[in-house]
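Q: below: sequence and its predicted model.
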2 protein chains.
Amino acid sequence: MSDSEPVLFANEAFYYAFAGGDAAAMDEVWARDVPVACIHPGWNVLTGRDAVMESWRSILGSDSRPAIRSQGAKAVVYGDVAFVTCYENVGQGYLAATNVFVREGGAWKMVHHHAGPTAPPEAEELEDAPDLVH
Amino acid sequence: MSDSEPVLFANEAFYYAFAGGDAAAMDEVWARDVPVACIHPGWNVLTGRDAVMESWRSILGSDSRPAIRSQGAKAVVYGDVAFVTCYENVGQGYLAATNVFVREGGAWKMVHHHAGPTAPPEAEELEDAPDLVH
């Protein structure tokens, strides 16, 4: 197993919670012992676990929540911290995302999510390619 | 000096190079020994130092490059890795940015930049508040 696989698994767990509208699973995804932040598309910067989780409860509980899936995820691991870049397929369009993780209690937990608009990616950019492991 | 100050200094160096259109200074900002990535506003994900620096030479050499300055920077430090969230004041509008840094050779170097549109921030969000240090 490469260093990046557990990080990509944590990234998948994030999108699984997101796609399923599962606020309890989303709560499990995020770190508890270190500071966290989040920048939703078009939103201001949210800092602190309370603000971030409140935003997720609002988004996940919304009837207008889009279908979402992650494509083209790439992880870069720097010891106990890592970030993932990926595309979010939302309906007919795409967002580009940065997701930062730290190792907490033996598991990779999210500490930052940032997503925003992107140009339509080429097909090869949508393939999962965990080839940036450090 | 708090843990976050050197990270915020590196973040300022990034925006100084950006605002000054200084490609050589921008090259110094970015890490050399570990993988890097970049998501410019509306662009696809760039991976690898060659692609990232080529993008910066293109942006910094453009006549249509906007004036830019960073506001409301907050750093979160996790040992030898850190990320900064801030607002980029570009002309009449704002972008929200995530900048990831690693300690390389004793200095904080950028490994990832992601910027995209944001709602107009409140005045207090534009104050520099390095209060999220871990």
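A: The structure has been received and is ready for your questions.
Q: once you drop chain neighbours, what's closest to the residue of chain A found nearest chain B?
A: Residue nearest to chain B within chain A (Cβ to the nearest Cβ): A:G116, separated by 2.7 Å. C-betas here are computed from N, CA, C, even on glycine. In this structure, A:G116 finds its nearest non-sequential neighbour in B:G116, 2.7 Å apart by Cβ to Cβ, 6 or more residues apart in numbering or on different chains.
Q: can you tell me the SS state at the one you found?
A: At B:G116 the chain is in strand, as set by DSSP: H, G, I helix; E, B strand; the rest coil.
Q: neighbours around it, how many?
A: Using other Cβ atoms under 10 Å in any protein chain shown, the number of residues around B:G116 comes to 25.
Q: list the contacts of it.
A: Each residue near B:G116 by Cβ atoms under 8 Å, 6 or more residues apart in numbering or on different chains is listed here: A:39, A:41, A:96, A:114-117, B:39, B:41-42, B:95-96.
Q: give me the beta-bridge partners of it?
A: B:A96 (DSSP bridges).
Q: separation between it and A:N89?
A: Look at B:G116 and A:N89: by Cβ to Cβ, to the nearest Å, they are 17 Å apart.
Q: returning to what we had before: need the pLDDT of the residue of chain A closest to chain B.
A: Listed pLDDT for A:G116 reads 97.
Q: which residues of chain A lie near chain B?
A: A:34-35, A:37, A:39, A:41-45, A:47, A:72, A:74, A:76, A:78-81, A:83, A:85-87, A:96, A:98, A:100, A:102, A:111-112, A:114-119, A:121-122, A:125, A:132-134 (Cβ under 8 Å from any Cβ of the partner chain).
Q: which ones among these lie within strands?
A: A:37, A:39, A:47, A:72, A:74, A:76, A:78, A:81, A:83, A:85-87, A:96, A:98, A:100, A:102, A:111-112, A:114-117 (DSSP state E).
Q: spatially nearest residue to the most centrally placed residue in chain A (excluding sequence neighbours)?
A: Centroid-nearest residue in chain A: A:N99, 4.5 Å away (criterion: Cα atoms, centre = their mean). Setting aside the residues directly before and after it, A:N99 is nearest to A:V84 in space (Cβ to Cβ, 6+ apart), at 4.5 Å.
Q: which other residues reach stretch A:2-17?
A: A:22-23, A:25-26, A:28-29, A:60, A:68-70, A:73, A:75-77, A:82, A:84, A:86, A:88, A:99, A:101, A:107-110, A:113, A:128, A:130, A:132-134.
Q: PyMOL command for the buried members of those residues?
A: In PyMOL, this line selects whichever of these come out buried by 16 or more other Cβ atoms under 10 Å in any protein chain shown:
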select buried, chain A and resi 23+26+29+60+70+73+75+76+77+82+84+86+88+99+101+108+109+110+113+130+132
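Q: count of neighbours near A:S62?
A: 10.
Q: and for A:R103?
A: 18.
Q: beta-bridge partners for it, please?
A: With DSSP bridges applied, A:R103 shows beta-bridge pairing to A:W108.
Q: ok so, going back, I figured the residue nearest to the centre of chain A hits A:C86, correct?
A: Yes. A:N99 lies in contact with A:C86 (Cβ atoms under 8 Å); the separation is 7.3 Å.
Q: any stretches of chain A with poor pLDDT?
A: The model of chain A has pLDDT under 70 over residues A:1, A:129-134.
Q: neighbours of A:N11, just the number please.
A: Other residues near A:N11 come to 27 when the count uses other Cβ under 10 Å.
Q: give me the element it is part of.
A: Element membership for A:N11 (DSSP states H and E) is helix A:4-20.
Q: next helix or strand past that helix?
A: helix A:23-29.
Q: restrict that following helix to CA atoms and write it as PDB.
A: Extracted in PDB, the C-alpha atoms of helix A:23-29 (Å, rounded to 0.1, in the frame of the first residue of the first chain):
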ATOM      1  CA  ALA A  23     -24.000  14.800   8.600                       C
ATOM      2  CA  ALA A  24     -22.800  12.200  11.200                       C
ATOM      3  CA  ALA A  25     -20.400  10.600   8.700                       C
ATOM      4  CA  MET A  26     -19.200  14.100   7.700                       C
ATOM      5  CA  ASP A  27     -18.600  14.900  11.400                       C
ATOM      6  CA  GLU A  28     -16.400  11.800  11.600                       C
ATOM      7  CA  VAL A  29     -14.400  12.900   8.500                       C
END
